[in-house]
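> structure of the sequence below:
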Amino acid sequence: MNSKKAQAQIITTILIILLVLAAVVIVWQVVNKSIKQSSDQIESAMDCVGLDITVSNVDGNVITVLRSPGNSNAEIKEVVLFINGENEGNTVSPDGNLKELDTVLITYVGLAPGDKIKIGAILSNDAACSPSTEYTVA
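Okay, here's the model as predicted:
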């Protein structure tokens, strides 16, 4: 009788160990997926940190956008125009990568003195960078 009791305890112990291992594997899968998603978001956000694009000049209906030197090697897929805080749906895809000290021209009809312009960017990895500092039309 004692040997059957000992066998039952061994089997119970092995089952508990297997359940714990299964729980660890399941938890690891969930944690690993969360960490990977978070790291991808952080990586995209870091591309925007050193990116500096601003409005350098407004001449009539033509807005000159300048990419200033910065710490970002991000490739800009689109430049997005915001007038008075609203995205006017105007985006410009620069020819190739907008490198440091390169400019791009955006034509926008309807600018008035006092309008506030900001420029955003969509990177090649589809990360959307926050709009730049504000430029007020004279």
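
> got the contact list for the helix or strand bottoming out on mean pLDDT in the chain?
Using mean pLDDT, DSSP states H and E, strand 86-92 stands out as the lowest-scoring helix or strand of the chain, at a mean of 76. For strand 86-92, the external contacting residues (CB atoms under 8 Å, 6 or more residues apart in numbering) are 65, 78-82, 104-106, 108, 120, 122. The way it works is simple: take the backbone N, C-alpha and C, and place the C-beta from them, glycine included.

> could you list the domains of the chain?
The chain breaks down into these domains under automatic domain parsing: 1-49, 51-136.

> buried set for the least confident helix or strand of the chain?
Val92 (16 or more other CB atoms under 10 Å).

> right, and the helix or strand after that strand?
Sequence-wise, the next helix or strand downstream of strand 86-92 (DSSP states H and E) is strand 103-107.

> okay, the angle between the next helix or strand after that following strand and strand 86-92?
Next along the chain after strand 103-107, taking DSSP H and E as the criterion, comes strand 116-123. Counting by axes from the mean of the first three to the mean of the last three CA atoms, to 10 degrees, strand 116-123 lies at 50 degrees to strand 86-92.

> for strand 116-123, the distance to its chain's centre please.
Averaging C-alpha positions (CA atoms, centre = their mean, to the nearest Å) puts strand 116-123 14 Å from its chain's average.

> the inter-axis angle of that strand versus strand 103-107?
Relative orientation of strand 116-123 versus strand 103-107 (the same axes, to 10 degrees): 120 degrees.

> what's the end-to-end length of stretch 69-87?
25 Å (CA to CA, to the nearest Å).

> centre of the chain to that stretch, how far?
12 Å.

> and the domains of the chain, which is most packed in?
Ranked by mean neighbour count, the domains of the chain are led by domain 51-136 with a mean of 15 (mean count of other CB atoms under 10 Å).
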